[in-house]
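> Generate a structure from the sequence data that follows.
(one chain, ligands or ions: 1)
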Amino acid sequence: MTTAPGTNSSSLLGSAPAAPRIDSTGASAPTAPSAANAPSAPTPPHAASSPAIPAAMRRAIELSYRGPTWGGNPQVGCVLLSPDGTTLAEGWHRGAGTAHAEVDALTNLAALTPTPPAAPASPAILTPAGQTPSTAPTPQAARGAIAVVTLEPCNHTGRTGPCTQALIAAGITEVYFAVADPGGRSGGGAATLAAAGVKVHGGILADEVEQSIRPWLTATRTGRPYVTVKWASSLDGRAAAADGSSQWVTGPDARADVHLRRTAADAIVVGTGTLTADNPSLTARGDGGELLPHQPVAVVIGERGIHAGAAVLRHPHPPLEYRTRDLEQVLADLFERGMRSVFVDGGPTLASALLAAGLVDELVIYLAPMLLGGPRTALTDLGITSIADARLLELESVDLLGPDIRLVAHPRSPTGPPHTLEAQTPAPASPKETPDVHRNH
Ligand SMILES: NC(=O)c1ccc[n+]([C@@H]2O[C@H](COP(=O)([O-])OP(=O)(O)OC[C@H]3O[C@@H](n4cnc5c(N)ncnc54)[C@H](OP(=O)(O)O)[C@@H]3O)[C@@H](O)[C@H]2O)c1
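The predicted structure follows:
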């Protein structure tokens, strides 16, 4: 049985003072297209009155971390609660092409509480004409239950069916989510649920989830991958000695951290300068030099291209070679290939060009307790001539890794022209090889 929006009959939470950032439309994030489309009938918010919903959301965030950080889809977790707040089942998304978190949770609930043969199965799902029906089960125990999910349930059919329809068909009467789905095709789930009589509340622990899936949200909102630029330098800001040698500025702990960050990304990016100077393999490796299970695609940018015999040609994936200096074009093409996060591990020229163009979302800087002096600064020209034009950063963290310092920082405000989906009509750059990269859903 479903409950009409605005009623309170199935809530486990009872009446409560209004909680900030929550409404029946799921309109929590101002940039979300789905928020604009959602119906306006208000539902009294309840999450602030019960620890059950935030606790379930915290658990859903934990579950989401079990999914991969790479690929076209975000990490998402889901907890199904009974009306009295008891956890019925949990689920998470394991990556593009696999069940979404809500469907995974429904599947797990079905396994715990087998559906009687007479119960309606997936054909009952209200699937728009021409779309593949969801294969989610509709376990009896889901009838009248509450779904707590980190991301607004998706509204479209990709490789799997829409989660909204799976939830409606299963008889879920109330949905709490953290962050609206900014995807043009996948967003709008809150409105669909509300139109079907499901009570919907957005914004539960939104800041935590914004933080946890920041790369995917940023990429989906901007239409280019989330760009992390890394460098390792001496305390006096030199990325290499005067002869160009830079292996190894930092110690083993910092280098291990770099490899963990590499494996979490979709691509490792360098300029041809680094390729020529260091001949890197651009793999993600463990302490013993072994390849980590997930190998990002190696990307080389620059008019010189990849030289014959380069170590990167022995990478597990065919490298992508962009014989261009047009960084926006390259990023747009990587996005088209399904990449949502790239780790730039090149030299000062590429890092500076990305920063100057306002294309950097995160800086990871390792400072080694040494002095090198000389001309090889970690950055070159950013087009800044006066202190008033300095690029200001927000420091996220400062940590000691063995003898080295790791700084993580983000640009404090947009540092370049807007990079919106609407604004971009790039002619795709043409790399020489096509990697095996998963696309959305
Ligand atoms: N300490 C560290 O963390 C670290 C990391 C990596 C490298 N390094 C050191 O950095 C040095 C190499 O520095 P680098 O600056 O030459 O390497 P780089 O930044 O990786 O490569 C520079 C090249 O990228 C190409 N490029 C692509 N897009 C560009 C754009 N928009 N603007 C300008 N150039 C663009 C250009 O090559 P084309 O002429 O082919 O177009 C340029 O010469 C080496 O000494 C290496 O050891 C240090």
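> who does the helix or strand harbouring Ala147 touch, helix- and strand-wise?
Taking DSSP states H and E as the criterion, the element that holds Ala147 is strand 146-151. Contacts defined by 3 or more C-beta pairs under 8 Å, 6 or more residues apart in numbering; DSSP states H and E place strand 146-151 against helix 52-64, strand 77-81, helix 101-112, strand 174-179, helix 206-212. The C-beta positions use only the backbone N, C-alpha and C, and glycine is treated the same way.
> swap the cut-off to 7 Å and go again
Counting contacts by 3 or more C-beta pairs under 7 Å, 6 or more residues apart in numbering; DSSP states H and E, strand 146-151 packs against helix 52-64, strand 77-81, helix 101-112, strand 174-179.
> and the angle from that strand to helix 101-112?
Interaxial angle of strand 146-151 relative to helix 101-112 (axes from the mean of the first three to the mean of the last three C-alpha atoms, to 10 degrees): 140 degrees.
> tell me what the helix or strand following strand 146-151 is packed against?
Using DSSP H and E, the helix or strand that follows strand 146-151 in sequence is helix 163-170. Judged by 3+ C-beta pairs under 7 Å, 6+ apart, the packing partners of helix 163-170 are helix 101-112, helix 189-195.
> For this structure, which segments count as strands?
Secondary structure of the chain (DSSP state E): strands located at 77-81, 87-92, 146-151, 174-179, 199-201, 226-234, 267-271, 297-301, 320-322, 341-344, 362-368, 393-401, 404-411.
> Of all these, which one is nearest Ala310?
strand 297-301 (8.2 Å; C-beta to C-beta).
> Could you give the separation of the closest one from the chain centroid?
Relative to the centre of its chain, strand 297-301 is centred 20 Å away, using C-alpha atoms, centre = their mean, to the nearest Å.
> Specify the angle between that strand and strand 267-271 in degrees.
For strand 297-301 against strand 267-271, the angle by the same axes, to 10 degrees is 20 degrees.
> List the buried residues for strand 297-301?
Burial within strand 297-301, assessed by neighbour count using 16 or more other C-beta atoms under 10 Å, is assigned to 297-301.
> restrict the residues you listed to contacts with the ligand.
Taking C-beta under 6 Å from any ligand atom, the overlap between the buried residues of strand 297-301 and the neighbourhood of the ligand is Ile301.
> need the contact list for the nearest residue in space to Ser233 that is not next to it in sequence.
Nearest-residue entry for Ser233: Ala378, 4.3 Å, with adjacent residues in sequence omitted and distances by C-beta to C-beta, 6 or more residues apart in numbering. By C-beta atoms under 7 Å, 6 or more residues apart in numbering, the residues touching Ala378 are 231, 233, 237-239, 348.
> Please type out the ChimeraX selection for whichever of these turn out to be buried.
To isolate the buried members of these in ChimeraX, using 16+ other C-beta under 10 Å:
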select :231,233,238,239,348
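> what's the closest of the helices and strands packed on strand 146-151 to the ligand?
helix 52-64 (30.9 Å; C-beta to the nearest ligand atom).
> List of residues touching that closest one?
For helix 52-64, the external contacting residues (C-beta under 7 Å, 6+ apart) are 12-13, 47, 75-79, 81, 85, 90, 92, 148-150, 176, 178, 204-205, 208-209, 212.
> Can you flag the buried ones in the residues you listed?
Going by neighbour count (16+ other C-beta under 10 Å), these have 12-13, 47, 75-79, 81, 90, 92, 148-150, 176, 178, 204-205, 208-209, 212 buried.
> near the ligand, which residues of the stretch 201-350 of the chain show up?
Within the stretch 201-350 of the chain, the positions lying close to the ligand (C-beta under 6 Å from any ligand atom) are 231-233, 239-240, 244, 246, 249, 270-274, 277-278, 301-304, 325, 327, 345-350.
> Those in helices, which ones?
Secondary structure defined by DSSP state H assigns 272-274, 277-278, 327, 348-350 of these to helices.
> Just name the closest of the residues you listed to the ligand, please.
Relative to the ligand, the closest of these is Gly273; by C-beta to the nearest ligand atom it sits at 1.9 Å.
> Look up the closest residue to that closest one, ignoring the ones flanking it.
Closest residue to Gly273 apart from its sequence neighbours, by C-beta to C-beta, 6+ apart: Gly347 at 4.9 Å.
> List the residues that contact the one you found.
Counting by C-beta under 7 Å, 6+ apart, Gly347 touches 239, 271, 273-274.
> For the stretch 301-441 of the chain, give me the ranges with low pLDDT.
Applying pLDDT under 70 to the stretch 301-441 of the chain flags the ranges 414-441.
> which among the contacts of Ala378 gets closest to His259?
Trp231 (15.3 Å).
> mind checking how far that closest one is from Tyr176?
Distance from Trp231 to Tyr176, counting by C-beta to C-beta, to the nearest Å: 41 Å.
> now do Pro403
Distance check for Pro403 against Tyr176: by C-beta to C-beta, it reads 46 Å.
> in the sheet, who's paired with His201?
Using DSSP bridges, the bridge partners assigned to His201 are Tyr176.
> Name the nearest residue to Gly244, ignoring sequence neighbours.
Ala277 is the one closest to Gly244 (C-beta to C-beta, 6+ apart), at 5.3 Å.
> what does Ala311 give?
Ala311 sits nearest to Ser281 (C-beta to C-beta, 6+ apart), 4.5 Å away.
> Pull the number of nearby residues for the residue lying closest to Ile168 once chain neighbours are set aside.
The spatial neighbour of Ile168 that comes closest, neighbours along the chain excluded (C-beta to C-beta, 6+ apart), is Ala196 at 4.7 Å. Applying other C-beta atoms under 10 Å, we find 17 residues neighbouring Ala196.
> coming back round to it: confidence-wise, which of the helices and strands packed on strand 146-151 is weakest overall?
Note on the helices and strands packed on strand 146-151: helix 101-112 shows the lowest mean pLDDT, a mean of 93.
> what angle sits between that one and helix 52-64?
Angle of helix 101-112 versus helix 52-64, following the same axes, to 10 degrees, is 100 degrees.
> now the angle from helix 101-112 to strand 77-81?
Using the same axes, to 10 degrees: helix 101-112 against strand 77-81 is 50 degrees.
> which strands and helices sit next to helix 101-112?
The helices and strands touching helix 101-112, judged by 3+ C-beta pairs under 7 Å, 6+ apart, are strand 77-81, strand 87-92, strand 146-151, helix 163-170.
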